[in-house]
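Novice: Task: produce atomic coordinates for the following.
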Amino acid sequence: MSEPIVPVNEENQVDDSPTLTFEEYRVYQGEPDVQYELYKGKLLAKHRFESIPPVLTEQPVDNSPTLTFEEYRVYQGEPDVKYELYKGKLIPMPTATVLHIKICEYLVYKIQRYLATHNLDLVVKTGLGVRTDENKSRIPDVVVCTQSLLEQAAARPGAGILDFDEKPLLVIEVVSENRPEYYIIKRAEYNLADVPEYWIADPKQNKGKLRVLAFPEDDDIYEQNDYLPGQQIESVLFPDLVLLVDEILNPPLVEELVKAEQARLQQLEQEAVIERQRAERLAAKLRELGVDSDTV
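Specialist: Numbers count the residues shown, from 1 in each chain. Modelled structure (predicted):
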C-alpha cells in the first residue's frame, strides 16, 4: 500500500516535473511495466510512487501575459532570444551549446544530401516553427517539410511557423536542459499534432541515444525505437538514410566535411582532364597512322 501524500515544507525541493493535459497523458508512454496515473497534471507511477511525485505546495503566481497564437507570431522580444509558446505563455529557449550546434548542423548536412541524391522536393531547415495546438508552438532544432509548405510560411507576415494544416514530415529535437520536456511534453504535442516522425537526439554523457518515434500502421500513437552508440538508426519515412548514432552525438565539423567533399570533386575533375588528354593523344596518333578514330 502506498504512503499518503503529504504537503511539502520549505525544506522540500520545488516540483519541476512537467504538467500534462489529459490528452498528453493519454498518449504518454513511460518506462516499461510501469503504469501511471494523472494527479493534478502530474504523473504518478502506480508501482513506484517516488518516480514523479505530485507535491501539494503553493506555486508562485505567473503574472506574465498570455498570448494568442497570432500575437505570438508577430511578437518581438529580446534580441537574439527565441521563444516557444506553451499554453499561451512565452518560453525562452536556452542558448545552445557548441555540441548542440554541431549535432544540428551535421543532421542538416546529411539530410540535405540525402534529399538531393533522391531528388526529393523536400527541404530541411533550422529555426522553423511548428504549431502544435491552439496556443502552443514549438521551434524544433531541425524540420523536414515540403518546399511548398516553406513557401506558404514565408508568404505570411511574422515568424516562420508551419500552421495546423501544414504538417512537417520530420522534426528533430536535441536534448538540452529540461530533459522531461523532450520525452514527455513535446512528444505528446507532436503526437497529437500528427507529425509523422519525431527524433530525440540525446547526447547525455555515457547514456547517449537517439530515439525515433513514428506512427505504426493504422495507429495514432507513436511507437518508439531507441538506438545506441554503435548502431545505425532506422527512419520510417527515409529508410535509405544512413546515419550512425556515434556520428550524430559526436559529429565532425560540417566545414571539414565540405572541404573533404570539395577535395573529392577536384580529384574527379583532375582525373577527367587526364582521361580527356589521354584520349586526345590517342586520337592524334591514330590520325598519324591514317586511321579515323571515329571508326575505331
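
Novice: ok, E166 - contacts?
Specialist: 145, 149, 152-153 (C-beta atoms under 8 Å, 6 or more residues apart in numbering). C-beta: built from backbone N, CA, C; applies to glycine.

Novice: Repeat the analysis, applying 10 Å as the threshold.
Specialist: 130-131, 145-146, 148-150, 152-153 (C-beta atoms under 10 Å, 6 or more residues apart in numbering).

Novice: Turn the residues you listed into a markdown table, columns for pLDDT.
Specialist: A markdown table is the format used below for the contacts of E166 (pLDDT from 0 to 100):
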| residue | pLDDT |
| --- | --- |
| V130 | 98 |
| R131 | 98 |
| C145 | 98 |
| T146 | 98 |
| S148 | 97 |
| L149 | 97 |
| L150 | 97 |
| Q152 | 96 |
| A153 | 96 |
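
Novice: Quick check: the farthest pair among those residues?
Specialist: The distance between the two most remote of the contacts of E166 (C-beta to C-beta) is 17.0 Å, for R131 and S148.

Novice: what about these two, which has more around it?
Specialist: R131 (21 against 11; other C-beta atoms under 10 Å).

Novice: Would it be right to say that V108 lies in a helix?
Specialist: Yes: assessed with DSSP: H, G, I helix; E, B strand; the rest coil, V108 lies in a helix.

Novice: show me the residues around it that make contact.
Specialist: 124-126, 141-144, 172, 254.

Novice: Which per-residue confidence value corresponds to it?
Specialist: The model reports V108 with a pLDDT of 98.

Novice: And it, how far from K82?
Specialist: 17 Å (C-beta to C-beta, to the nearest Å).

Novice: Repeat that for P203.
Specialist: Separation of P203 from K82 (C-beta to C-beta) stands at 20 Å.

Novice: Those two: which is more packed in?
Specialist: Legend: neighbour count by other C-beta under 10 Å for P203 and K82, higher for P203 (20 against 16).

Novice: ok, then the element right after the helix or strand harbouring I172?
Specialist: Here I172 is covered by strand 170-174, with elements defined by DSSP states H and E. Counting by DSSP H and E, the next helix or strand C-terminal to strand 170-174 is helix 179-180.

Novice: got the contact list for that following helix?
Specialist: With C-beta under 10 Å, 6+ apart, helix 179-180 has contacts from 16-18, 43, 52, 186-187, 200, 202, 204.

Novice: Just the buried ones among those, please.
Specialist: 18, 43, 52, 186-187, 200, 202 (16 or more other C-beta atoms under 10 Å).

Novice: Closest to D194 out of these?
Specialist: R187 (13.2 Å).

Novice: pretty sure L44 is in a helix, no?
Specialist: No: counting by three-state DSSP, L44 is not part of a helix but strand.

Novice: And the closest residue to it other than its chain neighbours, how far from F22?
Specialist: Leaving aside its chain neighbours, L44 sits nearest to E37 (4.6 Å; criterion: C-beta to C-beta, 6 or more residues apart in numbering). Applying C-beta to C-beta, one obtains 12 Å for the distance of E37 from F22.

Novice: who has more neighbours, those two?
Specialist: The neighbour count for E37 versus F22, taken as other C-beta under 10 Å, is higher for E37 (12 against 8).
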